[in-house]
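>>> below are the sequence and a predicted model for it; my questions follow.
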Amino acid sequence: MKSEFTPPIGKITNMNGKCISLIGNDIDTDRIIPARFLKCVNFDSLGESVFEDDRKTLKGKHPFDLEENKYASILVVNSNFGCGSSREHAPQALIRWGIKAIIGESFADIFYSNCIAIGIPCFTLPKKSIEEIQNYCDNQSLFLEIDLKNSSAQSKDLNFNLEIKESSRKMFLSGEWDATSTLLDNNNLIENKFNQLPYIKFNTNIS
Amino acid sequence: MSQDTLFDKVWDLHKVSSLPGGSDQIFIGLHLIHEVTSPQAFGALKDKKLKVKFPDRTVATVDHIVPTDNQSRPFKDNLAEQMIETLEKNCLEHKIRFFNIGSGNQGIVHVVAPELGLTQPGMTIACGDSHTSTHGAFGSIAFGIGTSQVRDVLATQTLAMNKLKVRQIWCDNKLSKGVYAKDLVLHIINKLGVKAGVGFAYEFAGPAMHELSMEERMTICNMSIEGGARCGYINPDEKTFSYIKNKLYAPKNEHWDRALRWWESLKSDENSIYDDVIKLDASKVEPTVTWGITPGQSISVNQQIPLLDELSPNDKLVAEEAYEYMSFKPGQLIKDTPVDVCFIGSCTNGRISDLRVAAKVLKGKKVSKNVKAFAVPGSEKVATEAKQEGLDQIFKDSGFQWREPGCSMCLAMNSDKLIGNQVSASSSNRNFKGRQGSPSGRTLLMSPAMVAAAAINGKVSDVREFIN
């Protein structure tokens, strides 16, 4: 593996890096990290196993095995990326391999939430723009500078206005994507809600 | 934007605050945990020096990694043993109720919570598992979350979420004989596509849905996520209430009457507004089988695998990948495809009614000598009930192996795996590449009755030929 993994903390505003293109629709989280690697009580060793079975099948020709992609950090994918299992192990494997941001046509809901929760911004672009990037990556290296403040991606030849959910963008800029402390700030409101909910009262036998 | 649907009502009721970024803070009424996605969350609590806020609102069981042949401890697999020990330790330390193996209540988390009466209408339910949508069958708003969100629920009993849109999927008429909830949901996913549900909650409605039993409704809601919808639900009705009544954790006595009145009030209003409505005719659905590598790639048992030209441009890329991976030719019939392994179980179809239907097909018949067949009850309760009814004996007499409860070969985290490029007929929910434990293993999803028929003939068969 590359340099030792340090998880992102605090505000996330800029990501600069080389793009790695992975072509295919409906790439599910079982493919990103097969279930046998879920037998663990921490995420530490997942980076090396990302796309394990797909990589073995392609015998060194998978984008994650190509020498030129070794230090890539911006993953470019097609539609419904990360569908299937809710395993956070999938984005945890990607971030440990070195992925810092993902640009795609669309993302599965749970995968998207998991990425936000661990500090990987996921941006969308229309199919045409994604194909433009992927075609470009086929022939030469693409280094993108992503600025979350104005959701732009810039490079020598290609420039894009990226789309990202406004709530996600704000959370990255403020550092609140790591939600626990923000949620705990409303401790009193949580207690009030607990006391108001009808079913807490008629399920007294639960405790 | 949707209005006055059950989803809107339950969401609004559980909203704690609007967060600075614009998402909502939502209270989670019931939190279910298991051994695979919780250890890192407990680890994070420890790092942040946080406690579990409402330990009574979290319930644990062990399902994904448990062996189904020999469950005596320590497990043969050291890693599996380490995971169950970690869960035991975390539950003990944080005073969380844990339904362990041998408790009589262990099983697949989405089978256990409903059968104990923990799952109730109007609740928000979260679990670190994508098939949490299952619980929507009761008119709860239930969805899968990742480990960081498990941490947030443990620490705060809330989540930061964006409200989903609501699509009503209205199903007219009713299913014909030999056609089951699994066929209907595979049909729905095929018609709408595997990503149509992204950003949506699915409300399954109409006469065909309310005709279904609670267990069949769970099969439907379970697979919402395979259509991209993180959450799927059915408005509660008399069947819902009578299923819950007298369950271990169901409201009792005067609480029952109060609960019932409240549950009645939760249903989507007659003039509620949906973001989208789709109408289907359930009577047109036939026994359905997947041929590809996504749950959307399915056909009726008597149809041919689609030609590339018959597919929409967006579906072609995955179809080409599927033909190659599955070694199927476009235009080939799916019927009579030889199968090597037959698996009945999972949170989709591992309940008592699923076993009954399969046993009815198997009774007096023998599994083909070329097939390895095994049945895995969804929970200890399901296993006990099946034994009381003599179903285990019918399975065994036919040549099926009868196993102990767990997730088993749905995702193959234990030793139940396909070998090489074996083909399985499976009552589970995912036919992804490598899903059932072999990187080249091939999965055909179908109803438990269809799996039983495939086991007898050793090839994909139309179960309607068995049940006249």
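In hand now; what should we look at?

>>> report pLDDT for the closest residue in space to residue B:275 that isn't next to it in sequence.
When the adjacent residues along the chain are set aside, residue B:275 lies closest to residue B:165, with 3.9 Å between them (Cβ to Cβ, 6 or more residues apart in numbering or on different chains). For the C-beta atoms, the positions are set from N, CA and C on the backbone; glycine is no exception. Reading off the per-residue confidence, residue B:165 sits at a pLDDT of 98.

>>> make sure residue B:165 is actually in contact with residue B:198.
No: taking contact to mean Cβ atoms under 8 Å, the distance of 9.9 Å between residue B:165 and residue B:198 leaves them out of contact.

>>> higher neighbour count, these two?
The residue with more neighbours, out of residue B:165 and residue B:198 and counting by other Cβ atoms under 10 Å in any protein chain shown, is residue B:198; that gives 21 against 17.

>>> contacts for the helix or strand hosting residue B:314?
According to DSSP states H and E, residue B:314 maps onto helix B:313-326. Applying Cβ atoms under 8 Å, 6 or more residues apart in numbering or on different chains, the external contacts of helix B:313-326 come out as A:24-26, A:78-79, B:193, B:291-294, B:297, B:305-306, B:308, B:311, B:328-330, B:433, B:440, B:442.

>>> avg pLDDT for the following helix or strand past it?
Once the chain leaves helix B:313-326, the next helix or strand it forms, by DSSP H and E, is strand B:341-344. Confidence over strand B:341-344 (mean pLDDT, whole number) is 98.

>>> near chain A, anything from the very next helix or strand once past strand B:341-344?
The first helix or strand that comes after strand B:341-344 along the chain, using DSSP H and E, is helix B:346-349. No: in this structure, helix B:346-349 remains apart from chain A according to Cβ under 8 Å from any Cβ of the partner chain; the gap is never smaller than 12.2 Å.

>>> next SSE downstream of helix B:346-349?
Next in sequence after helix B:346-349, counting helices and strands by DSSP H and E, comes helix B:352-362.

>>> circling back: show me what the mean pLDDT comes to for the helix holding residue B:314.
Mean pLDDT, taken over the full extent of helix B:313-326, equals 96.

>>> pull out the buried positions in that helix.
Residues of helix B:313-326 classed as buried under the neighbour-count rule (16 or more other Cβ atoms under 10 Å in any protein chain shown) are B:315, B:317-319, B:321-323, B:325-326.

>>> what does residue B:3 show for phi and psi?
Comment: the main-chain dihedrals of residue B:3 come out as phi -140, psi 140, following degrees, to the nearest 10.

>>> the one 10 residues further on too?
Main-chain torsions, residue B:13, degrees, to the nearest 10: phi -60, psi -30.

>>> contact partners for it?
A:197, B:122.

>>> try it again at 10 Å.
Contacts for residue B:13 were tallied using Cβ atoms under 10 Å, 6 or more residues apart in numbering or on different chains; they are A:193, A:196-199, B:26-27, B:29, B:122-124, B:141, B:266.

>>> same check on residue B:187?
If you count contacts by Cβ under 10 Å, 6+ apart, residue B:187 has them with B:171, B:175, B:179, B:280, B:282, B:284-286, B:288, B:298-300.

>>> roughly how far does the nearest residue to residue B:457 once chain neighbours are set aside sit from chain A?
When the adjacent residues along the chain are set aside, residue B:457 lies closest to residue B:368, with 6.3 Å between them (Cβ to Cβ, 6+ apart). As for residue B:368, its distance to chain A is 28 Å (criterion: Cβ to the nearest Cβ, to the nearest Å).

>>> again, but for residue B:259
Look at residue B:259 and chain A: by Cβ to the nearest Cβ, they are 5 Å apart.

>>> make sure that residue is actually in contact with residue B:123.
No: using Cβ atoms under 10 Å, residue B:259 is not in contact with residue B:123, being 11.0 Å away.
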